[in-house]
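Student: What follows is a predicted protein model with its sequence.
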Amino acid sequence: MATMQQQQQPSSGFSVYVGNLPYSTQSDDLGQLMSSVGQVTNVRLVYDRQTNRPKGFAFCEFADQSGAQNAVNNLNGTDFNGRVLRVNWANK
DNA sequence: CTTGAGCGG
């Protein structure tokens, strides 16, 4: 693997960006999917403040960096509820 | 009863 951005976030949790999600996706659905590749500490679905509609992406916190990396390697580019899942390390 | 690039109510 080439050099990639590994952000170690304190206060428990390695943030991973999850995008290209269906608007019908709930945090629980993502939580179960992420739990299948690693220990998930938190799952945050991003909603729009103006219309209260899901923006279509979310952020997942893993208890271990390997779990987050495993999620990126296993869920990124895969199909989820009819949409191609987009998983990557979070920037902020 | 709506939408589809991207990084947080």
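Tutor: Perfect, thanks for sending it.
Student: any idea which element whichever residue of chain A sits closest to DNA strand B lies in?
Tutor: Chain A approaches DNA strand B most closely through A:Gly56 (2.3 Å), counting by C-beta to the nearest atom of the strand. Where you see a C-beta, it was placed from the backbone N, CA and C, and this is true even at glycine. Assignment of secondary structure by DSSP states H and E places A:Gly56 within strand A:54-62.
Student: to the chain's geometric centre, what's the distance from that strand?
Tutor: The gap between the average C-alpha position of strand A:54-62 and the chain average comes to 5 Å, counting by C-alpha atoms, centre = their mean, to the nearest Å.
Student: In that strand, which residues are buried?
Tutor: By neighbour count, and taking 16 or more other C-beta atoms under 10 Å as the criterion, the buried residues in strand A:54-62 are A:Pro54, A:Gly56, A:Ala58, A:Phe59, A:Cys60, A:Glu61, A:Phe62.
Student: Go ahead and confirm the residue of chain A closest to DNA strand B touches A:Ser24.
Tutor: No - the pair formed by A:Gly56 and A:Ser24 falls short of the contact definition of C-beta atoms under 8 Å, at 10.4 Å.
Student: for chain A, what are the low-confidence residue spans?
Tutor: Counting by pLDDT under 70, chain A contains low-confidence ranges at A:1-12.
Student: which residues of it fall in strands?
Tutor: Using DSSP state E, the strands found in chain A span residues A:14-19, A:40-47, A:54-62, A:79-80, A:83-84, A:86-89.
Student: among these, which is the most enclosed?
Tutor: Of all the strands of chain A, strand A:14-19 carries the top mean neighbour count, a mean of 22, counting by mean count of other C-beta atoms under 10 Å.
Student: Is DNA strand B within reach of it?
Tutor: Yes - in terms of C-beta under 7 Å from any atom of the strand, part of strand A:14-19 sits within range of DNA strand B, namely A:Ser15, A:Tyr17, A:Gly19.
Student: Give me the angle between that strand and strand A:54-62.
Tutor: Here strand A:14-19 points in a direction 150 degrees away from that of strand A:54-62 (axes from the mean of the first three to the mean of the last three C-alpha atoms, to 10 degrees).
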